[in-house]
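> give the three-dimensional model of this entry:
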Amino acid sequence: MGFPGTWMTESESVIYRVVPKCACSTIGQIMFYSDHGRFFDGDIHDSTSGLHKWAQETSQPLIERSVKGQKTFAFTCVRNPYTRILSSFFDKICGIQRNGKRYRGNLVPLLVQKYGIEVGGEDGKQAFDQIQSFRRFLLFARDSIRWRKPMEPDIHWSAMSGHVSTFIANGGRYDRVVFTEKFNEGMKGVLDGIKTPHKVDLKKIPRFNESEGHGPKREHPVEDYFDDLSMHLMWEIYKRDFQLFRYDFDNPANKMPLGEVDLDEVHAKLGD
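Reported below is the predicted structural model:
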């Protein structure tokens, strides 16, 4: 199994377990900058050098040694499940991707056909009922996660606790869980705990939102997308995320966490 989705600076100052849709582009660029004094030119997900990634074979033994040694500061980043899945919908389902095509080829036509989802036409720019389409997408997300039909769950809407757990189950331990909603505060805690070749001034770091502009803008407040049935589906899929990462299930309008993450609880419950 190893450590999928794990990145580490070349200086081995810090290890990060990527959780999709949780500021991963910005975090990757901060890590790259902390080693090289410059940002990666392009989407950090496309980098093949300058940052160790589990997906790069030559990085694997180095990452494995550091993670299992538990001497390198390790962290991950989470986000409110309501805003995370909305972001996934507008970016991955409604949006045209960087390659000029729809995400995962036949995924969107399948959703249009099987679930009656609208995505704003061929170019994603036409008006459509965002709330109705999102709720139908949520049904699909539940089906793919619960029953792996009509396809395997996608990393962008599978539960955060699932991503976070693989790191623990294979011998890693987190020193910090950062909230996307309190990003600067959380990343300051990470940077204060490590020594980097180049100093990082968080106030000057731009936000690298690589998915921005892919899809239509959200037209309504977060809470308008979630009726009673939608919230029931959210609990079915993301119960563990709400509980472990202290997000407010009862009020979709409140994106902020209700308290700090208990790291011991996270390790105990996700280390099975």
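
> quick one: neighbours of residue 260, just the number.
Residue 260 has 11 neighbours, counted by other Cβ atoms under 10 Å. To be clear about C-beta, it is placed using only N, CA and C from the backbone, and glycine gets the same treatment.

> surely it and residue 246 touch.
Yes: assessed by Cβ atoms under 8 Å, residue 260 is found in contact with residue 246 at 7.0 Å.

> which one is residue 6 nearest to, not counting chain neighbours?
residue 54 (4.7 Å; Cβ to Cβ, 6 or more residues apart in numbering).

> distance of that neighbour from residue 249?
Distance from residue 54 to residue 249, counting by Cβ to Cβ, to the nearest Å: 32 Å.

> hang on, the earlier thing: now do the contacts for the residue nearest to residue 6.
2, 3, 4, 5, 6, 7, 60, 63 (Cβ atoms under 8 Å, 6 or more residues apart in numbering).

> go on, residue 242?
Per Cβ under 8 Å, 6+ apart, neighbours of residue 242: 81, 235, 248, 249.

> any idea how far it is from residue 140?
Plainly put, residue 242 is 20 Å away from residue 140 if you go by Cβ to Cβ.

> low pLDDT regions in the stretch 151-272 of the chain?
210-214 (pLDDT under 70).

> how about the helices in it?
160-169, 183-192, 228-244, 263-270 (DSSP state H, counting those that start in this stretch).

> how about the contacts made by the residue lying closest to residue 188 once chain neighbours are set aside?
Leaving aside its sequence neighbours, residue 188 sits nearest to residue 202 (Cβ to Cβ, 6+ apart; 6.1 Å). Contact analysis of residue 202 by Cβ under 8 Å, 6+ apart lists 30, 184, 187, 188, 191.

> next, count neighbours for the fourth one.
Each residue near residue 188 was counted by other Cβ under 10 Å, and the total is 14.

> and it, how far is that from residue 209?
With distances taken as Cβ to Cβ, residue 188 is found 20 Å from residue 209.

> repeat for the third one
For residue 187, the distance to residue 209 under the criterion Cβ to Cβ works out to 15 Å.

> the more surrounded of these two?
Using other Cβ under 10 Å as the criterion, residue 187 and residue 209 rank with residue 187 on top: 21 against 13.

> can you tell me how far the more buried one is from residue 163?
Taking Cβ to Cβ, one finds residue 187 at 19 Å from residue 163.

> again, but for residue 30
For residue 30 relative to residue 163 (Cβ to Cβ), the value is 19 Å.

> more neighbours, those two?
Neighbour totals were compared for residue 30 and residue 163, and residue 30 leads with 23 against 20 (other Cβ under 10 Å).

> from residue 121, how far off is that one?
Residue 30 is 37 Å from residue 121, by Cβ to Cβ.

> before we move on, what about residue 157?
Distance from residue 157 to residue 121, by Cβ to Cβ: 23 Å.

> among those two, which residue is more densely surrounded?
residue 157 (25 against 10).

> my guess is the more buried one contacts residue 141, does it?
Yes: contact criterion Cβ under 8 Å: residue 157 and residue 141 qualify, at 4.8 Å.

> buried ones in stretch 153-168?
153-154, 156-161, 163-168 (16 or more other Cβ atoms under 10 Å).

> next up, the contacts around residue 143.
Going by Cβ under 8 Å, 6+ apart, the list of residues near residue 143 reads 149, 150.

> what about it, which helix or strand?
Using DSSP states H and E, residue 143 sits within helix 130-147.

> send me that helix as PDB with only the CA atoms.
Once non-C-alpha atoms are left out, helix 130-147 reads as follows in PDB (Å, rounded to 0.1, in the frame of the first residue of the first chain):
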ATOM      1  CA  GLN A 130     -27.500  24.500  -9.900                       C
ATOM      2  CA  ILE A 131     -29.300  23.300  -6.800                       C
ATOM      3  CA  GLN A 132     -31.200  20.500  -8.600                       C
ATOM      4  CA  SER A 133     -28.200  19.300 -10.400                       C
ATOM      5  CA  PHE A 134     -26.000  19.400  -7.300                       C
ATOM      6  CA  ARG A 135     -28.400  17.300  -5.300                       C
ATOM      7  CA  ARG A 136     -28.500  14.700  -8.100                       C
ATOM      8  CA  PHE A 137     -24.700  14.700  -8.200                       C
ATOM      9  CA  LEU A 138     -24.700  14.100  -4.400                       C
ATOM     10  CA  LEU A 139     -26.900  11.000  -5.000                       C
ATOM     11  CA  PHE A 140     -24.300   9.800  -7.500                       C
ATOM     12  CA  ALA A 141     -21.400  10.500  -5.000                       C
ATOM     13  CA  ARG A 142     -23.200   8.500  -2.400                       C
ATOM     14  CA  ASP A 143     -23.800   5.600  -4.800                       C
ATOM     15  CA  SER A 144     -20.200   5.500  -5.900                       C
ATOM     16  CA  ILE A 145     -18.900   5.600  -2.300                       C
ATOM     17  CA  ARG A 146     -21.400   3.200  -0.800                       C
ATOM     18  CA  TRP A 147     -21.800   0.700  -3.500                       C
END
